[in-house]
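Asks: turn this into a structure:
(chains A and B)
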Protein chains: 2
Amino acid sequence: MTGRVVALSGGIGGAKLALGLSRILPAHELVVVANTGDDFEHLGLAISPDLDTLMYTLAGLADEAQGWGLAGESWGFMAMVDRLGGESWFRLGDRDLAVHVERTRRLRGGTPLSQVTADLCKALGLGVTVLPMSDDPIRTRLETDEGWLNFQDYFVRRHCEPRVIRLEYHDAEQARPNPAILAALHDPALRAVIVCPSNPWLSIAPILAVPGMRKAIAACAAPVVAVSPIIGGRAVKGPIAKIMAELGLVPSAATALAHYDGLLDAVIVDPVDAADPGAYGAHMAVTDTLMTTLAEKTALAARTLDVAQSVTLAR
Amino acid sequence: MTGRVVALSGGIGGAKLALGLSRILPAHELVVVANTGDDFEHLGLAISPDLDTLMYTLAGLADEAQGWGLAGESWGFMAMVDRLGGESWFRLGDRDLAVHVERTRRLRGGTPLSQVTADLCKALGLGVTVLPMSDDPIRTRLETDEGWLNFQDYFVRRHCEPRVIRLEYHDAEQARPNPAILAALHDPALRAVIVCPSNPWLSIAPILAVPGMRKAIAACAAPVVAVSPIIGGRAVKGPIAKIMAELGLVPSAATALAHYDGLLDAVIVDPVDAADPGAYGAHMAVTDTLMTTLAEKTALAARTLDVAQSVTLAR
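Replies: Numbers count the residues shown, from 1 in each chain, chains lettered A, B, ... in the order given. You can find the predicted model right below:
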C-alpha cells in the first residue's frame, strides 16, 4: 500500500497523532485536514489556532509543554497591548504574530486560506500537506447559559465555564470544501482516513459539517479509523467530558465515537475502555492511547495504520 | 502670555525640541503637529513613523540612542518574518507592533487617525496633544535616478542613496487639514508657532502642503519661529544636506530656512551659521542648536519661546 493517508484533526490532541504519523510516513503520503471552525478575527488579525498548532507541531517548532504556540516565544507585544488597555485574554506571542500578520495581509489581498497555509508551511520547511477544511469561513458557536458565544470567547476568554446547550457551525452549509481534500478522498489508492483523538463536537464535527465532506469520507476506498479522544470517561485535555455531560451524554469513549454516526470502520480505544466491544458499532482495536512522548505518538500512529490495513485485508 | 504653543515636527530632530518644550510648558499649552507624509502600509499594517516617534519621545518611552522605536524593545516578530521570507527591511519591534496593530484595526473600522492618535497618547499617559496634520492620507514621494520612490523605500530600504530630482506630497491637494490644528492656529491667544529643526523638504513641507495650513500659519496672531535643521552646512542627522545638494542648493542654514518662503518671523541658528544675519529675511537669534542631552533640549526650547516673546514685544 503506497496510497496517501488523510488525517482529520483539531489542535493539540490531533496534532500529537499527526506528528506521530509524520514520523512514519513519507511526507508526500500524509495529508492533514485541519478544523478552521475555531478561527476568528482578533485585534484585527486572522487567527487560525488549529492550523497553526498543526503547522508548528509538524515543523518541530511548537511549545509542547504549553500545547499551543511556538517554543521559545517572547511576549513583548502582549505587554504593550496590556499597556494600551487592549484585549489581552487571547495570548499572541511575538513570533507567532508574524504568522497572523502575514495571513491577514494575504487574506485581505484575496489569497485563499489554503494557499496562504501552503506557503506558510513551505516557508517553515514542512513537507507534510496541511489543508484547511474550507477556504470559506465557518465559525463554531455555542449556545450556553450565558447566551450564544463564539468559540474562542467560550474556550479561552470564559475558560469553558458556561454550560453548553447546543453547538452550531455557523455558515457551514454555504461553505465549499477544500477541493484538495475531496481529491485526496476520491483517490482510489487512498490508504486510510484517520480521525485523530480531537474533540468530536468542537474539532471534527466542523470538518464533517462542510458540504460534501461526510459523503466523500463515507464513499472513500479506504477504511476510516478513529482514535478515541476519551480515556476512561475523561478527556486527556479540554472540555469534551464536561460538554458531553452538559449535552446529556455519558462521557465515554463509546458515546464520543458514536457522534461519528456510522462513519467509522474501526475505532482504537484505550485498554480501560475495552470492556464492551459491541458498543462501538465498528471493529474495535485496543491499545494505549495516551500520547506524552514522541515514541508514544509514533507507536499510536503505527497502530492506526496497522488497524486500517487489517480492515482493508479483511474486506 | 498663557496661550498655547504649536510646534510643527517631523520625527527625530523635531521630537527632541518637542520634548524640550514639553518640559517647560504645562501639558495643555503644547500642541505638536506631526508630519504624516512618511506614513505607509507595511505588512498590511498602518505605520506612522513620525507620530510614533513623537508619542514615544514625549511619553519617555523612546529608544533615544537609536532615534526611533521603543526602549527595551525585543525583535521576535522580525525574526519570524525573516524566517517566513517576509519583508524585513523596515524593523518593527514587538512592543511597537502593538501600536501598529491597534491603529490598523481602528482605521479599518473607520476611526480617524486623529482620534486613534489621541487614544493611543492617552493610553500612554501623554498630557501633551499630538495631532496628525490630516486624517487623509498624504504620501511623500521622491523622483530619483531610480524612478519614483515612496518615502520609506527611499529612506529606509534604499538608505537615501538614490539621487533626488524632485519631491511630491501625493494627494495633499485633496486632503483636509486636521481641524484641531486650524483651531489652535486661529486662537487669538496663540503664543508661538515653532518650526522644529526637522527636514524642511521631507518633514515640514508635507505639513505646509495640506490645504489651508500655510495660510493659517501666515495669518496667526503669534510669531513663527524656526530652528535651523542645518549646522555649519551639515545635517545633524538624515539626508537633508545630500538632498539639498542634489536639488542644486547650497546646504546651508540660510538656504534650508529659505524653503519656508517668507513664513518666518524669526530664525534660530547655531553660532557657526551667524555670519550673515541678513541672509535669513527674518529676525535672527543665535544659540547652540545641537541637542544631545535633555538639558540641551530644554535650553533650546526655552530659547525659542524667548525669541517668540521678543518678537511679540517688538510688534
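Asks: where do the helices sit along the stretch 101-250 of chain A?
Replies: A:113-123, A:151-152, A:179-186, A:205-209, A:213-219, A:240-246 (DSSP state H, counting those that start in this stretch).
Asks: how far is the longest one from where the chain is centred?
Replies: This means helix A:113-123. Its chain's C-alpha centre and that of helix A:113-123 lie 17 Å apart, by C-alpha atoms, centre = their mean, to the nearest Å.
Asks: what comes up buried for it?
Replies: The neighbour-count check on helix A:113-123 (16 or more other C-beta atoms under 10 Å in any protein chain shown) flags A:113, A:114, A:116, A:117, A:118, A:119, A:120, A:121, A:123 as buried. Backbone N, C-alpha and C define where each C-beta goes, glycine included.
Asks: okay, these in a markdown table with distance to residue A:285 next?
Replies: As requested, the buried residues of helix A:113-123 are exported to a markdown table (distance: C-beta to C-beta, whole Å):
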| residue | distance to residue A:285 |
| --- | --- |
| A:113 | 34 |
| A:114 | 33 |
| A:116 | 37 |
| A:117 | 32 |
| A:118 | 33 |
| A:119 | 38 |
| A:120 | 35 |
| A:121 | 31 |
| A:123 | 38 |
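Asks: pick out whichever of these sits closest to residue B:136.
Replies: Residue B:136 lies nearest to residue A:116 out of the buried residues of helix A:113-123, by C-beta to C-beta, at 31.3 Å.
Asks: so how far is residue A:298 from that closest one?
Replies: Here residue A:116 is placed at a distance of 30 Å from residue A:298 (C-beta to C-beta, to the nearest Å).
Asks: name the residues of chain A found near chain B, please.
Replies: Applying C-beta under 8 Å from any C-beta of the partner chain, we find that chain A lies next to chain B at A:43-45, A:70, A:73-74, A:76-81, A:83-86, A:93-99, A:101-102, A:104-105, A:108, A:120, A:123-124.
Asks: list only buried entries from those residues.
Replies: The buried subset of those (16+ other C-beta under 10 Å) comprises A:43-45, A:70, A:73-74, A:76-81, A:83-84, A:93-99, A:101-102, A:104-105, A:120, A:123-124.
Asks: which of the residues you listed fall in helices?
Replies: Using DSSP state H, the members of these that fall within helices are A:76-81, A:83, A:94-99, A:101-102, A:104-105, A:120, A:123.
Asks: where does pLDDT dip in the stretch 1-150 of chain A?
Replies: Residues of the stretch 1-150 of chain A meeting the criterion pLDDT under 70: A:1-2.
Asks: now the stretch 201-315 of chain A against chain B: closest residue?
Replies: Evaluated by C-beta to the nearest C-beta, the stretch 201-315 of chain A has residue A:294 as its residue closest to chain B, separated by 23.1 Å.
Asks: these two touch, right, that residue and residue A:22?
Replies: No. Contact status for residue A:294 versus residue A:22: not in contact, 10.7 Å apart, counting by C-beta atoms under 8 Å.
Asks: please say which of these two ends up with more neighbours.
Replies: Neighbour totals were compared for residue A:294 and residue A:22, and residue A:22 leads with 26 against 13 (other C-beta atoms under 10 Å in any protein chain shown).
Asks: what's near enough to touch residue A:310?
Replies: Neighbouring residues of residue A:310 by C-beta atoms under 8 Å, 6 or more residues apart in numbering or on different chains: A:266, A:283, A:285.
Asks: can I get those residues in TSV including pLDDT and secondary structure?
Replies: Shown next, in TSV, are the contacts of residue A:310 (pLDDT from 0 to 100; DSSP: H, G, I helix; E, B strand; the rest coil):
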residue	pLDDT	secondary structure
A:266	97	strand
A:283	93	strand
A:285	95	strand
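Asks: drop anything exposed from the residues you listed.
Replies: Taking 16+ other C-beta under 10 Å as the criterion, what is buried in the contacts of residue A:310 is A:266, A:283, A:285.
Asks: skip the chain neighbours and tell me the closest residue to the second one.
Replies: It stands for residue A:283. Sequence neighbours aside, residue A:266 is the residue nearest to residue A:283 in space, at 4.0 Å (criterion: C-beta to C-beta, 6 or more residues apart in numbering or on different chains).
Asks: the one you found contacts residue A:222, doesn't it?
Replies: No. Shown here, residue A:266 and residue A:222 do not form a contact pair, counting by C-beta under 8 Å, at 11.3 Å.
Asks: between those two, what contacts are shared?
Replies: residue A:308.
Asks: got the confidence number for residue A:276?
Replies: On pLDDT, residue A:276 comes in at 74.
Asks: so who does the residue in the stretch 101-250 of chain A that chain B sits nearest to touch?
Replies: Closest residue of the stretch 101-250 of chain A to chain B, C-beta to the nearest C-beta: residue A:105 (3.2 Å). Residue A:105 is in contact with B:43, B:44, counting by C-beta under 8 Å, 6+ apart.
Asks: can you show me the strands along the stretch 151-300 of chain A?
Replies: For the stretch 151-300 of chain A, strands defined by DSSP state E, counting those that start in this stretch occupy the ranges A:164-170, A:192-195, A:224-227, A:230-231, A:234-235, A:266-269, A:283-286.
Asks: any idea of the mean pLDDT in the longest one?
Replies: Same thing as strand A:164-170. Rounded mean pLDDT across strand A:164-170 is 96.
Asks: what packs against it?
Replies: strand A:139-144, helix A:205-209, helix A:240-246 (3 or more C-beta pairs under 8 Å, 6 or more residues apart in numbering or on different chains; DSSP states H and E).
Asks: so what strands line up beside that strand?
Replies: Looking at strand A:164-170 with DSSP bridges, its partner strands are strand A:139-144 (antiparallel).
Asks: what does the partner strand rub up against?
Replies: Residues from elsewhere that reach strand A:139-144, judged by C-beta under 8 Å, 6+ apart: A:37-40, A:148-151, A:154, A:162-171, A:202, A:206.
Asks: 10 Å instead?
Replies: With C-beta atoms under 10 Å, 6 or more residues apart in numbering or on different chains as the test, strand A:139-144 has contacts from A:35-40, A:148-155, A:158, A:160-172, A:201-203, A:205-206, A:209, A:243, A:246.
Asks: buried residues, that strand. List them.
Replies: Across strand A:139-144, burial judged by 16+ other C-beta under 10 Å covers A:139, A:140, A:141, A:142, A:144.
Asks: can you tell me the closest non-neighbouring residue to the second one?
Replies: By that I understand residue A:140. Closest residue to residue A:140 apart from its sequence neighbours, by C-beta to C-beta, 6+ apart: residue A:37 at 3.7 Å.
Asks: quick one: contacts for that neighbour?
Replies: A:10, A:50, A:133-134, A:137-141, A:151, A:167-172, A:202-207, A:209-210.
Asks: let's see the ChimeraX selection covering just the buried ones among those residues.
Replies: Of those, the buried ones go into a single ChimeraX selection, burial set by 16+ other C-beta under 10 Å:
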select /A:10,50,133,134,137,138,139,140,141,151,167,168,169,170,172,202,203,204,205,206,207,209,210
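Asks: chain center to the strand or helix carrying residue A:15: distance?
Replies: Using DSSP states H and E, residue A:15 sits within helix A:12-24. Computed by C-alpha atoms, centre = their mean, the chain-centroid distance of helix A:12-24 equals 11 Å.
Asks: give me the buried positions along that helix.
Replies: The neighbour-count check on helix A:12-24 (16+ other C-beta under 10 Å) flags A:12, A:13, A:14, A:15, A:16, A:17, A:18, A:19, A:20, A:21, A:22 as buried.
Asks: against which helices or strands is the next helix or strand after that helix packed?
Replies: Where DSSP H and E defines the elements, the next helix or strand beyond helix A:12-24 is strand A:30-34. Secondary-structure packing of strand A:30-34 (3 or more C-beta pairs under 10 Å, 6 or more residues apart in numbering or on different chains; DSSP states H and E): strand A:5-9, helix A:12-24, helix A:49-58, helix A:113-123, strand A:129-132, helix A:179-186, strand A:192-195.
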